[in-house]
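Asker: below is the sequence, then the predicted model.
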Amino acid sequence: VLADFDASALLALAQRHFAAARFEEAETACHDVIAHLPDEPNALLLLAAIAAAQQRWHEAATFLLFGRTRHPQQVTFHRALADLFLGLGDLANAVEPLESCVLVEPNERDHRGRLLALYETCRFTTFRQSSRQAMLACLSDEELSHEKMQRAWLSLLRQDTEAQSLLLVLTSPNYEAFERSVSPELLSSLQDNELFTLGLTRLLVMDLAIERGLGFTRRWLLEHPAERQAYLPLSCALARYCFATEYALLGDEDHSALRHEPRTAPDVCLLACYEPLFRHPSAADWRFFSELPAFTSVFRAQVDEPLREQHFRATLSPSTPIADPISLAVREQYEENPYPRWASLGRRPPLPESSARLASGKRILIAGCGTGREAADAALMFPAAQVLGIDLSSASLGYGMRRAHELGLMNLSFEQADLLEFPALGRSFDLIVCSGVLHHLADTASGVRALLSMLGRGGALRVALYSSAARRKLAETRAALRSAGERGTPSEIRRFRAMIATRDESCPLKRQLEASADFYSLSGCRDLLFHAQERTFTLPEVSALTRSLGLRILRIEPQGVPKEALYRSRFPDDPSLSNLDNWERLEEEQPLLFSRMYGLWLCRGVERDIVDLDWIQSAQRG
Ligand SMILES: C[S@@+](CC[C@H](N)C(=O)[O-])C[C@H]1O[C@@H](n2cnc3c(N)ncnc32)[C@H](O)[C@@H]1O
């Protein structure tokens with residue numbers, strides 16, 4: 001009791017010294033505590049903080065690692081260790097302590113959000129059970145943007161000895177080889193591998209050889225009707241995957257027999273691996289074929305959700321004429337293939353009250369909103385603003401309306417309209433966002449002019465345009481496909497994907513496509529390589545365009561933190577990141593720097609001193 005009392009008094013003293021930056025005295029007080037109580041957690045944490053404050057990083061880590069072994073259930077040590085590594089830019093070493101945070105405090109959602117952000121850049125080179133458990137926790141959290149973990153997931157699976165033998169069979173060179181190596185035990189272990197099956201329901205398998213193996217598994221189930229019941233959960237996961245990627249999966253076996261009245265849940269599920277259930281007139285009768293939650297999920301994704309989208313779509317009527325020939329061609333593409341298909345936005349912390357006040361009453365237009373992801377994101381970020389999404393494609397809008405309804409977004413509405421015609425309605429906005437749209441118009445400048453005519457005084461415009469350097473190979477491929485008369489029908493896309501799959505791993509086009517999430521779904525692949533209309537820009541062309549329209553570039557948005565850090569370290573005298581010449585130099589060195597487009601924040605040149613960005617920036621900081 002005496003030691004405890006002394007310890008608390010000493011610790012309080014140490015804290016006071018630390019707060020006043022009297023590090024030596026603080027350290028002495030902590031060491032006095034440690035002399036009596038070698039494991040005292042607060043003393044260890046404070047010693048680590050004192051060391052870190054003096055940039056003695058190694059020492060700080062040593063205290064935290066020691067504390068963590070003594071108090072493995074205390075999240076503070078894991079969190080402090082993760083923060084230490086993150087602060088040092090050592091992302092790889094931050095993964096393991098963040099995984100521990102996720103596992104020690106499973107109810108704390110922020111840990112999963114932080115781990116997910118790390119997954120975006122990290123790849124596993126070793127396997128730990130704790131990594132597996134933490135990843136499963138992230139996959140089970142419906143509210144995360146799971147696409148960020150696609151590559152990390154595959155890298156962990158590849159390190160998992162249990163999964164390795166399964167992946168080996170899946171990557172068989174052809175179906176005959178697969179059939180020879182596959183066994184009921186192997187399929188059972190595939191089915192029981194939760195990391196694999198849960199991943200299939202949420203992620204893309206960004207590896208063409210493994211993807212082909214999913215096709216082999218589907219075919220095996222087709223050819224072995226007696227085995228289907230045993231692998232119902234596996235078929236459910238496969239059906240979710242096939243639907244999410246719009247049946248881009250390689251494989252051309254004849255499944256038409258399945259259409260004739262499937263009578264059991266496994267038959268329904270296998271049919272769902274080949275075509276969407278909602279297209280089938282008897283689908284409603286199959287709903288209760290199985291009570292398995294995985295089956296219910298397939299049914300929800302393939303019947304309930306598409307029917308709800310159709311319902312929303314039917315409520316739309318165009319607010320403007322859609323008559324421009326290019327607009328009509330583009331609309332046709334996105335009516336057939338709404339893009340992008342998104343599930344979750346990730347969680348946003350609530351806006352600080354001051355930012356909410358600033359954003360109150362602001363009007364935001366998302367022009368060419370597609371399936372509404374950016375629009376939903378803006379509506380969530382600025383709950384006191386009014387967000388409007390417009391697009392040519394009613395199928396895309398139906399998707400967005402369904403998602404907005406599910407998310408309960410009352411400040412978001414959608415209209416079917418051509419952005420070129422929309423100014424005639426006389427509306428005005430404080431912020432206009434137009435990503436990945438203007439390069440699909442016949443004339444980009446007239447699109448920007450139309451948007452500018454709706455921008456209120458002091459308003460800002462955020463556009464994203466394709467980079468010629470980043471898309472060089474893709475543009476060449478698109479041109480070749482177009483001159484061969486291919487417009488991107490499902491069979492043309494599947495054939496093209498199959499052709500790419502046969503290419504050698506060293507083929508640069510294959511490498512670029514395999515690394516692009518868009519390549520794995522029909523709508524993504526069509527958008528990527530079979531677009532009805534597109535052009536690309538060089539940075540000098542961007543500069544000429546903005547100058548001719550009297551616009552000022554407020555900022556060129558780097559896509560992803562590492563690139564922003566790269567720019568800042570190379571050009572410390574441009575904190576606004578808006579110097580085109582600097583970016584051009586960087587892009588020359590790294591042609592794929594803007595693989596996700598140039599993101600440009602613009603305002604009218606004459607308004608540069610009054611442009612109101614405070615409300616946007618305060619929310620982003622929040
Ligand atoms: C590549 S998608 C981008 C969707 C969305 N901005 C995003 O980033 O998720 C392009 C979208 O622009 C829409 N679009 C193209 N031209 C348009 C126009 N003239 N008016 C309205 N929308 C247009 C298409 O229908 C399509 O949904």
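Answerer: Cool, got the structure. Keep in mind it's a predicted model, so treat the numbers as computed, not measured.
Asker: the residue of the stretch 101-250 of the chain found nearest the ligand in helix, strand or coil?
Answerer: Closest contact between the stretch 101-250 of the chain and the ligand, by Cβ to the nearest ligand atom, is at Glu147 (12.7 Å). C-beta here means a position set from N, CA and C on the backbone, and glycine is covered the same way. Classification of Glu147 by DSSP: H, G, I helix; E, B strand; the rest coil places it in helix.
Asker: give the contact list for it.
Answerer: Taking Cβ atoms under 8 Å, 6 or more residues apart in numbering, we find Glu147 in contact with Leu203, Leu204, Ala517.
Asker: name the nearest residue to Leu292, sequence neighbours excluded.
Answerer: Leu232 (6.4 Å; Cβ to Cβ, 6 or more residues apart in numbering).
Asker: from the contacts of Glu147, list the buried ones, please.
Answerer: With burial judged by 16 or more other Cβ atoms under 10 Å, the buried subset of the contacts of Glu147 is Leu203, Leu204.
Asker: related to what we said a few turns ago, and the residue of the stretch 101-250 of the chain closest to the ligand, what's its pLDDT?
Answerer: For Glu147, the pLDDT comes out at 90.
Asker: circling back: dump the residue contacts of the residue nearest to Leu292.
Answerer: For Leu232, the contact set (Cβ under 8 Å, 6+ apart) comprises Ala265, Pro266, Cys269, Ser290, Leu292, Ala294, Phe295.
Asker: please identify which helix or strand holds Leu365.
Answerer: Using DSSP states H and E, Leu365 maps to strand 363-367.
Asker: now do that strand, average pLDDT.
Answerer: In this model, strand 363-367 has an average pLDDT of 98.
Asker: other SSEs contacting the helix or strand just after that strand?
Answerer: As assigned by DSSP H and E, the chain's next helix or strand after strand 363-367 is helix 373-381. Secondary-structure packing of helix 373-381 (3 or more Cβ pairs under 8 Å, 6 or more residues apart in numbering; DSSP states H and E): strand 363-367, strand 386-391, helix 394-406, strand 412-416, strand 429-435.
Asker: wait, His78 sits on Cys101?
Answerer: Yes. His78 lies in contact with Cys101 (Cβ atoms under 8 Å); the separation is 4.8 Å.
Asker: more neighbours: those two, which one.
Answerer: Counted by other Cβ atoms under 10 Å, His78 and Cys101 do not tie: His78 has more neighbours, with 26 against 23.
Asker: I'd like the distance between whichever residue of the stretch 201-350 of the chain sits closest to the ligand and Leu529.
Answerer: Residue nearest to the ligand within the stretch 201-350 of the chain: Tyr334 (4.0 Å; Cβ to the nearest ligand atom). Counting by Cβ to Cβ, to the nearest Å, the gap from Tyr334 to Leu529 is 15 Å.
Asker: how far away is the most centrally placed residue in the chain from Gly524?
Answerer: The residue lying closest to the centre of the chain (Cα atoms, centre = their mean) is Glu147, at 3.9 Å. Between Glu147 and Gly524 the computed distance is 11 Å (Cβ to Cβ).
Asker: any residues in contact with both of these two?
Answerer: Taking Cβ under 8 Å, 6+ apart as the criterion, Glu147 and Gly524 both touch Ala517.
Asker: which bits of the stretch 351-500 of the chain sit near the ligand?
Answerer: For the stretch 351-500 of the chain, the contact set with the ligand under Cβ under 6 Å from any ligand atom comprises 368-370, 373-374, 390-393, 396, 418-420, 435-437, 440-441.
Asker: at 5 Å instead, please
Answerer: Within reach of the ligand by Cβ under 5 Å from any ligand atom, the stretch 351-500 of the chain has these residues: 368, 370, 373, 391-393, 396, 418-419, 435-437, 440.
Asker: one more: the chain?
Answerer: Residues of the chain lying near the ligand by Cβ under 5 Å from any ligand atom: 327, 330, 334, 368, 370, 373, 391-393, 396, 418-419, 435-437, 440.
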